[in-house]
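Q: Okay, sequence plus prediction incoming.
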Amino acid sequence: MDIDGLSIRVASLDDLIAMKRAANRPKDQAHLLELLALRRLTQTEGNPEARTETPPKINGH
């Protein structure tokens, strides 16, 4: 990402999800749910029927 001529490195959504899963702290679990929901929305944009999918299971729950 380039901001005012400076190159800024930014983690992708999939990388953020992987980092939150790896850290596995309680606060990361809440963030992980939000990130997974965001990923579902971005993947299903333009396909409203796909938004009714069951959320993925986290850590076997």
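A: Cool, the structure landed.

Q: Could you tell me how many residues sit around Ala18?
A: By other C-beta atoms under 10 Å, 13 other residues sit near Ala18. Heads up, the C-betas are built off the backbone N, CA and C, glycines and all.

Q: Leu16 versus Asp2, what's the distance?
A: According to C-beta to C-beta, to the nearest Å, Asp2 stands 20 Å off from Leu16.

Q: what do you get for Gly5?
A: 26 Å.

Q: neighbour count winner among the two?
A: Leu16 (16 against 5).

Q: any idea which element the residue nearest to the more buried one when sequence neighbours are not counted lies in?
A: Leaving aside its chain neighbours, Leu16 sits nearest to Leu35 (5.7 Å; criterion: C-beta to C-beta, 6 or more residues apart in numbering). Element membership of Leu35 [criterion: DSSP states H and E] is helix 26-43.

Q: looking just at contacts, which helices and strands does that helix meet?
A: helix 13-23 (3 or more C-beta pairs under 8 Å, 6 or more residues apart in numbering; DSSP states H and E).

Q: So in that sheet, which strands flank the worst-scoring helix or strand of the chain on mean pLDDT, and in what orientation?
A: The least trusted helix or strand in the chain, going by mean pLDDT, DSSP states H and E, turns out to be strand 2-3, with a mean of 90. Strand 2-3 pairs in its sheet with strand 6-7 (antiparallel), by DSSP bridges.
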